[in-house]
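Predicted model follows, preceded by the sequence.
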Amino acid sequence: MAAVTAAKQTCYYNESILFFYNNSHKPVSDTWRTQDYIVVSLGLTVCIFIILANILVMTAIFVNRRFHYPIYYLLGNLAAADLFAGLAYMHLMFHTGPWTQKLTIYQWFIRQGLIDTSLTASVINLMAIALERHQTIFTMQLHSKMTNQRVLLLILGIWVVATLMGLVPTMGWNCVCNLKKCSMMAPLYHKDYLVFWAVLNLVSFTIMVVVYTRIFMYVRHKSQRMSQHTTQVKHRETVVSLMRTVFVILGCFVICWTPGLVLLLLDGVTDDTFVLRVEKYFLVLAEMNSLMNPIIYSYRDQDMRRTFKRILCCLCPRAGQRGEHAGVHFNTLDQEVHSDSNGTQITHQPKGRSTLRH
């Protein structure tokens, strides 16, 4: 009993955040400096762009029937994860600098947990996209036959797991009762947790890169052997284009997040103050990733780009009036090419196609 009581007495839940920062030798400013104003202003500006851009992606997937397929639902959920990341970073901007000292322990855990949750949601979502593409690509079909109910359950499962991972430090895997194991970058996080979290995500990145590379190589090999029939050529080009878009998304994600994860790993296994000198730059790099995907969609996907333009035109009164007279509709497609279970191409001509021209 005495040993248990002594162990409980080593916990510091009643201490201030400054106590843990001093323990980890991480400086925290007590007054607003010019660089603090610049960091918060730029951070909030980027967060606003992240939020608006990803809302635009989610809206485009919702309004355009061309995107009502599992792969686009998962891409939409990836946009939701980026939107959540934008909100998490905005919350961070309002609780950083001199504001950090005013946080309670649990407020600090919430601040960090939101960022952890957004990253976990993105990683699991990319894995789900890899699974969906693996099912469809190896039969050279464009879209999965997964039902909407299964996609919804999959998306729900992604967020449940992501939320639980974000809550792990709050539920006990922290250094509040073991100050010698406190991280320098995250002064309330246990070093073992940082190592676990960094290694888990880096291994996940490696697996996804291998899987996506194998799928992409298979697509290239298979497409070279396909017939030059018109519908098959269009189908092949669509499959390859979509796969390239997903591959670029994965590549940007890995490039933006890997440096930060490696830094967390170093923080967990060493006591080098180098991590404190570069952490802000790596955080900015990770934050920029949430803004990259809408840009990638605009550059890589012509249908998505057109939908973006139509949505933005609807928000502009003058452009919206011109659009009414120009017969602009979200569901007008020249042609949709699908594959049945045997790989046979089926061409659908949309109904109610607007032919009004000026």
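That came through, no problem. No experiment lies behind these values; they were computed from the predicted model shown.

Please, where are all the helices along the stretch 151-300 of the chain?
191-225, 230-269, 274-300 (DSSP state H, counting those that start in this stretch).

and of these, who's closest to L114?
When the helices of the stretch 151-300 of the chain are compared by Cβ to Cβ, helix 274-300 sits nearest L114, at 12.7 Å. All C-beta spots, glycine's among them, are computed from the backbone N, C-alpha and C.

so after the closest one, what's the next helix or strand?
helix 302-315 (DSSP states H and E).

got a list of what the closest residue to F109 other than its chain neighbours touches?
Nearest residue to F109, sequence neighbours excluded (Cβ to Cβ, 6 or more residues apart in numbering): T170, at 4.4 Å. Residues in contact with T170, defined by Cβ atoms under 8 Å, 6 or more residues apart in numbering, are Y106, F109, I110, G113.

so where is the stretch 151-300 of the chain shaky, pLDDT-wise?
By pLDDT under 70, the low-scoring segments of the stretch 151-300 of the chain are 223-239.

just the helices in the stretch 1-150 of the chain please.
2-9, 17-23, 34-63, 70-93, 105-137, 148-167.

right, and those - which one's nearest K181?
Nearest of the helices of the stretch 1-150 of the chain (Cβ to Cβ): helix 17-23, 10.7 Å.

residues in contact with the closest one?
For helix 17-23, with Cβ under 8 Å, 6+ apart as the criterion, the contacting residues are 12, 27-28, 100-105, 108, 175-176, 179, 182, 187-188.

how about the helices of the stretch 151-300 of the chain in JSON lines, adding mean neighbour count and distance to F84?
Formatted as JSON lines, the helices of the stretch 151-300 of the chain follow (neighbours: other Cβ atoms under 10 Å; distance: least, Cβ to Cβ, whole Å):
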{"stretch": "helix 191-225", "mean neighbour count": "16", "distance to F84": "17"}
{"stretch": "helix 230-269", "mean neighbour count": "18", "distance to F84": "15"}
{"stretch": "helix 274-300", "mean neighbour count": "17", "distance to F84": "9"}
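
sorry, back to before: want to try CSV for the helices of the stretch 1-150 of the chain, with distance to E279 and mean neighbour count as columns?
Output for those, formatted as CSV (distance: least, Cβ to Cβ, whole Å; neighbours: other Cβ atoms under 10 Å):
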stretch, distance to E279, mean neighbour count
helix 2-9, 32, 8
helix 17-23, 13, 17
helix 34-63, 12, 17
helix 70-93, 13, 22
helix 105-137, 12, 20
helix 148-167, 19, 15
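
Identify the residues contacting L75.
By Cβ under 8 Å, 6+ apart, the neighbours of L75 are V57, I61, I129, V246, I249, Y297.

so what's the third one closest to, chain neighbours aside?
Read that as I129. The nearest residue in space to I129 (Cβ to Cβ, 6+ apart) is L74, at 4.9 Å.

give the contact list for that neighbour.
N125, A128, I129, E132, V151, L154, I155.

And the pLDDT at it?
If you check L74, the pLDDT there is 92.

Please apply the same query to the one 4 residues further on.
The pLDDT attached to L78 in the predicted structure is 93.

Distance check, it against E132.
Per Cβ to Cβ, to the nearest Å, L78 is found 12 Å from E132.

now swap in Y21 and tell me
Distance of Y21 to E132, given as Cβ to Cβ: 43 Å.

again, but for A286
A286 is 25 Å from E132, by Cβ to Cβ.

Could you do N178 as well?
According to Cβ to Cβ, N178 and E132 sit 42 Å apart.

Just give me the residue right at the centre of this structure.
S122 (3.8 Å; Cα atoms, centre = their mean).

which residues sit in contact with the spatially closest residue to it that is not a sequence neighbour?
Of all residues not flanking S122 in the chain, A81 sits nearest, at 4.5 Å (Cβ to Cβ, 6+ apart). For A81, the contact set (Cβ under 8 Å, 6+ apart) comprises S118, A121, S122, N125, A162.

And A81, what's its pLDDT?
pLDDT, A81: 94.

For it, give its distance to S183.
To S183, A81 is 24 Å away according to Cβ to Cβ.

so which of the helices of the stretch 1-150 of the chain gets nearest C316?
Nearest to C316, of all the helices of the stretch 1-150 of the chain, is helix 34-63, at 13.8 Å by Cβ to Cβ.

report the angle between the axes of the closest one and helix 70-93?
160 degrees (axes from the mean of the first three to the mean of the last three Cα atoms, to 10 degrees).

Run through the neighbouring helices and strands of helix 34-63.
helix 70-93, helix 274-300, helix 302-315 (3 or more Cβ pairs under 8 Å, 6 or more residues apart in numbering; DSSP states H and E).

Present the ones you listed as a markdown table; the columns should include distance to G166.
Below are the helices and strands packed on helix 34-63 laid out as a markdown table (distance: least, Cβ to Cβ, whole Å):
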| stretch | distance to G166 |
| --- | --- |
| helix 70-93 | 9 |
| helix 274-300 | 15 |
| helix 302-315 | 30 |
